[in-house]
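J.: No sequence on hand, only this structure:
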């Protein structure tokens, strides 16, 4: 089970026009936003990544507005693990549970999840906060990740798992975010 003292969130490539052209983009972007808001409420470390931002664009404004101080890790590799600076930051966090959301499920999220898991992290893919340009690509990626032992979850499920019970100080705030 997730432990709020042992996890971080990585928002992968919620950027530029890509965020507009993924399948069910409005819902996927809204769920990423909710996940970020909940993670902020729970004081989780949050990392932003952008694949070739000079070509694709930077993290979308709704997410940047929530995280104005967060550094955006630019990458050219598909896996976030291949980026030295981000890998160092993840290791420095001391956390061993990774929550992943963003785009594209079958490329950057898939390769990142596999690499994180191979390097000792427990990985949660938030299925309603990921997408690909083609829905079938997302479904294939999630099927493969499940077979590899990656946990599949939803925004609501993961946030309430982190709360554990209704007595948590952030229960009301998280409930409001989910609504």
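T.: The structure has been received and is ready for your questions. Treat the numbers as computed from the prediction; the structure is a model and nothing was measured.
J.: and the end-to-end length of stretch 95-109?
T.: End-to-end distance for stretch 95-109, by C-alpha to C-alpha, to the nearest Å: 19 Å.
J.: change the start of the numbering to 54 and stick with it
T.: All set: I'll call the first residue 54, so the last point we hit is now stretch 148-162.
J.: next one: that stretch to chain centre, how far?
T.: Using C-alpha atoms, centre = their mean, to the nearest Å, the mean C-alpha position of stretch 148-162 is found 5 Å from that of the whole chain.
J.: which parts of whichever strand or helix holds residue 87 are buried?
T.: Element membership for residue 87 (DSSP states H and E) is helix 78-94. Across helix 78-94, burial judged by 16 or more other C-beta atoms under 10 Å covers 81-82, 84-94. For every residue, glycine as well, the C-beta is placed using N, CA and C.
J.: Which single one of those residues is nearest to residue 146?
T.: Nearest to residue 146 among these is residue 92, at 13.0 Å by C-beta to C-beta.
J.: so the closest one sits right up against residue 63, yeah?
T.: No: between residue 92 and residue 63 there is no contact under C-beta atoms under 8 Å: 10.3 Å.
J.: Quick check: what element follows the longest strand seen in the chain along the chain?
T.: In terms of residue count, the longest strand belonging to the chain (DSSP state E) is strand 175-184. Downstream of strand 175-184, the first helix or strand assigned by DSSP H and E is helix 188-200.
J.: and that following helix, what does it pack onto?
T.: Under the contact definition 3 or more C-beta pairs under 8 Å, 6 or more residues apart in numbering; DSSP states H and E, helix 188-200 sits against helix 163-171, strand 175-184, strand 204-206.
J.: between the next helix or strand after the shortest one and strand 175-184, how big is the angle?
T.: Going back to what we said before, that points to strand 204-206. Proceeding N to C from strand 204-206, the next assigned helix or strand is helix 208-216, under DSSP H and E. Compare the direction of helix 208-216 with that of strand 175-184 by axes from the mean of the first three to the mean of the last three C-alpha atoms, to 10 degrees and you get 150 degrees.
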